[in-house]
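*Asks:* Here is a sequence together with a model predicted from it:
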Amino acid sequence: MKNSLVMVRSPMSAALLFFLSGCDMLTPTVVTVHNTGTRRLENVQLEAGGDTVQLGAMEPAKSRTVRPKVTRDSALRIAYRQGSMSYVCDGDVYFTNNMKVKVEAEIGYGKCRVVDVTH
């Protein structure tokens, strides 16, 4: 049988294929935040999909990866302090329940920038 899909010969095989095809959907959303500045950032906080994750302090040139629990639709928001200034940035990415996404963001110098989004 050339050029054909996999033939399923038993109900158990069909169930196994169905389960394995859905495993990819169980992979969590991943957000990596990079401090691209030259100063330590304090009180770094990430909001995504209804979850708020405290990252704490981040040294220059360091990164943190988190897996927020996406329970509702929302945009990415990152807040942090640099010196005596507080910053809140909304990233140009939107999270929705049951959608796997990998995001990389850069923060520092009073800015936030989403640099990569993989679905």
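*Replies:* Received the coordinates, thanks.
*Asks:* going forward, measure contacts and count neighbours with C-alpha atoms only.
*Replies:* Noted.
*Asks:* now residue 61: how far from residue 118?
*Replies:* In this view, residue 61 and residue 118 are 22 Å apart by Cα to Cα, to the nearest Å.
*Asks:* Compare the two (neighbour count), which wins?
*Replies:* Set residue 61 next to residue 118 and count neighbours by other Cα atoms under 10 Å: residue 61 wins out with 13 against 9.
*Asks:* can I assume that one sits in a helix?
*Replies:* No: assessed with DSSP: H, G, I helix; E, B strand; the rest coil, residue 61 is coil; it does not lie in a helix.
*Asks:* Have a look at this protein and report its longest strand.
*Replies:* Longest strand of the chain, by residue count under DSSP state E: strand 85-95.
*Asks:* Lowest average confidence across helices and strands of this protein, where is it?
*Replies:* Lowest by mean pLDDT, DSSP states H and E among the helices and strands of the chain is helix 11-23, with a mean of 44.
*Asks:* residue ranges of the strands in this protein, please?
*Replies:* In the chain, the strands defined using DSSP E lie at 30-35, 41-48, 51-58, 63-66, 74-82, 85-95, 102-108, 111-118.
*Asks:* Touching the first one from outside, list them.
*Replies:* I take that to be strand 30-35. Contacts to strand 30-35, defined as Cα atoms under 8 Å, 6 or more residues apart in numbering, come from residues 41, 58-68, 101-108.
*Asks:* Return, as residue ranges, the portions of this protein with sub-threshold pLDDT.
*Replies:* For the chain, applying pLDDT under 70 flags the ranges 1-27.
*Asks:* Repeat the analysis, applying 80 as the threshold.
*Replies:* Applying pLDDT under 80 to the chain picks out residues 1-27, 97-98, 119.
*Asks:* Stretch 99-119: how far from the chain's middle?
*Replies:* Computed by Cα atoms, centre = their mean, to the nearest Å, the chain-centroid distance of stretch 99-119 equals 8 Å.
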